[in-house]
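[1] I would like the atomic coordinates for the input below:
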Amino acid sequence: MTGLQAINAVNGWAMALTGITIVLCGLAALSTIISQLHKIVGWLDKPKAAAASVKEKKTDTQRALAIPARLHEDIDATASIYKALSQDLPSPFELTRLHAIGAESKLPHVHLSLRALRENGHLVAEGEGRFTWKP
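    Here you go, the predicted structure:
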């Protein structure tokens, strides 16, 4: 006796179905545990999170320029802040340098702000990855 007759004779279909059910239940339990793992890590990390919740002090640049929390929403104010920060850059400057200056000054949403400046015409492309400010 071979093939399907042998499987039927020893109740193989029920064993296969039981095996599939056990494997799928195990995978479902494992995926649930993995999806909730961030909560467990959060419980273990609470002392560190409490220390990190202390508000960061504003840098001298942020105080001098009066930087709002949502910089990319007021594009003209954003342009004036970035122009003030980029005064030391050569006339056609690389956008990566301006991004680095914004990140060093801890400006919020540097990438979004630079994209908005480009889309609204404040930053004019000069070619080869170099930009100038709109005159």
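[2] ranges for the strands of this structure?
    93-94, 123-127, 130-133 (DSSP state E).
[3] Okay, now the sheet partners of the first one, with direction.
    Each strand that pairs with strand 93-94, with its direction, by DSSP bridges: strand 130-133 (antiparallel).
[4] before we move on, what about the second one?
    Sheet neighbours of strand 123-127, with direction, are listed as strand 130-133 (antiparallel) (DSSP bridges).
[5] which residues are in contact with the strand it pairs with?
    The contact list for strand 130-133, computed with C-beta atoms under 8 Å, 6 or more residues apart in numbering, reads 79, 83, 86, 91-95, 98, 118, 122-126. All C-beta atoms are positioned from the backbone trio N, CA, C, and that covers glycine.
[6] now do stretch 8-19
    For stretch 8-19, contacts defined as C-beta under 8 Å, 6+ apart pick out 1, 6-7.
[7] centre of the chain versus that stretch, how much separation?
    Remark: stretch 8-19 is offset 49 Å from the chain centroid, using C-alpha atoms, centre = their mean, to the nearest Å.
[8] begin at 8 from here
    OK, 8 is where the count begins now, so the last one is stretch 15-26.
[9] Which pLDDT value goes with Val17?
    pLDDT recorded at Val17 is 89.
[10] Check the burial of it by counting its neighbours.
    10 (other C-beta atoms under 10 Å).
[11] Leu121 too?
    22.
[12] go on, the one 10 residues further on?
    Counted by other C-beta under 10 Å, the residues lying close to Val131 total 13.
[13] hey, where'd the helices end up in the chain?
    Here the chain has its helices, by DSSP state H, at 11-16, 19-42, 44-51, 53-59, 67-72, 82-92, 102-111, 117-126.
[14] from the contacts of strand 137-140, which would you call buried?
    86, 93, 100, 105, 129-130 (16 or more other C-beta atoms under 10 Å).
[15] ok, so of the residues you listed, who is nearest Lys113?
    Using C-beta to C-beta, Leu105 comes nearest to Lys113 of the buried ones among the contacts of strand 137-140, at 14.7 Å.
[16] Thought His118 was touching that closest one, still the case?
    No: with contacts counted by C-beta atoms under 8 Å, Leu105 stays clear of His118, the gap being 11.0 Å.
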